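K.L.:
sequence? don't have it. structure:
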């Protein structure tokens with residue numbers, strides 16, 4: 001499976017994300033000869049345990065992320081960051097969890113946007129919005145390199161492409177930049193060969209990072 005880096009937009013201090021930045025990022029992808037290939041979408045739900053008995057609660061994760069990816073629509077990925085676990089399940093598990101009422105959805109987000117092709121690279125630029133709203137919560141980008149599936153071997157070429165992208169984007173003088181935070185995949189028991197589970201872990205990580213950034217901004221305002 002091709003390597004992916006999943007990046008999120010980090011606003012400069014005192015600024016927030018907005019649709020103008022998203023539009024400029026999309027234009028940048030086109031300006032470096034990115035060819036539009038259509039739309040893409042990923043969904044993520046953050047679940048919190050509803051167990052009231054503390055003794056029982058200690059045996060189960062207090063919270064986890066559930067992720068649905070466009071390339072694997074029949075699967076649902078559970079990422080339990082506290083225990084460093086990633087589990088692949090059938091998509092029907094969402095209905096089962098809803099009926100059991102053991103976990104409640106705290107946050108549900110859509111990541112959606114446009115896909116571009118640049119030679120052997122695919123760029124997916126998109127917005128982060130709550131499922132029942134169009135309120136912009138963030139901007140994400142998937143950077144995919146098709147010929148390589150080894151995480152270690154891909155670092156140099158992915159890093160070089162990211163530098164070129166950042167250089168092109170910097171000419172637009174936008175109030176922020178894309179950040180790549182690499183999870184420690186070995187902690188999740190994932191091998192060097194890239195898989196959909198690696199993608200799920202990255203989405204869980206950047207969502208946690210975006211929530212933390214948003215909370216920090218709110219704290220400074222208060």
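P.N.:
Yep, that arrived. The structure presented is a predicted model; accordingly, all values stated were derived computationally and were not measured. Residues are numbered from 1 along each chain as shown.

K.L.:
longest helix anywhere in this protein?
P.N.:
When every helix of the chain is counted residue by residue (DSSP state H), the longest turns out to be helix 196-221.

K.L.:
in that helix, what counts as buried?
P.N.:
Going by neighbour count (16 or more other C-beta atoms under 10 Å), the buried part of helix 196-221 is 196-207, 210, 213. Any C-beta I mention is one placed from the backbone N, CA and C, and that applies to glycine too.

K.L.:
Using the three-state scheme, assign residue 68.
P.N.:
Using DSSP: H, G, I helix; E, B strand; the rest coil as the criterion, the local structure at residue 68 reads strand.

K.L.:
Please identify the nearest residue in space to it, excluding sequence neighbours.
P.N.:
On the basis of C-beta to C-beta, 6 or more residues apart in numbering, the spatially nearest residue to residue 68 that is not a chain neighbour turns out to be residue 43, at 4.6 Å.

K.L.:
My read is that the one you found contacts residue 110, right?
P.N.:
Yes. Taking contact to mean C-beta atoms under 8 Å, the distance of 5.5 Å between residue 43 and residue 110 places them in contact.

K.L.:
Mind checking which of those two has more residues around it?
P.N.:
Neighbours were tallied for residue 43 and for residue 110 using other C-beta atoms under 10 Å; the higher tally belongs to residue 110 (20 against 17).

K.L.:
just checking, that one is part of a strand?
P.N.:
Yes. According to three-state DSSP, residue 110 belongs to a strand.

K.L.:
roughly how far apart are it and residue 30?
P.N.:
23 Å (C-beta to C-beta, to the nearest Å).

K.L.:
sorry, back to before: check which helix or strand covers the residue nearest to residue 68.
P.N.:
With elements delineated by DSSP states H and E, residue 43 resides in strand 35-49, which encompasses its position.

K.L.:
Could I get the buried residue list for that strand?
P.N.:
Taking 16+ other C-beta under 10 Å as the neighbour-count basis, strand 35-49 is seen to contain the buried residues 40, 42, 43, 44, 45, 46, 47.

K.L.:
Please apply the same query to stretch 62-72.
P.N.:
Along stretch 62-72, the positions that meet the burial threshold by neighbour count (16+ other C-beta under 10 Å) are 64, 65, 66, 67, 68, 69, 72.

K.L.:
Columns distance to residue 171 on top of these, output as a markdown table?
P.N.:
Putting those into a markdown table (distance: C-beta to C-beta, whole Å) gives the following:
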| residue | distance to residue 171 |
| --- | --- |
| 64 | 40 |
| 65 | 35 |
| 66 | 39 |
| 67 | 34 |
| 68 | 36 |
| 69 | 32 |
| 72 | 36 |
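
K.L.:
which two in the residues you listed are spaced the farthest apart?
P.N.:
64 and 72 (17.9 Å; C-beta to C-beta).
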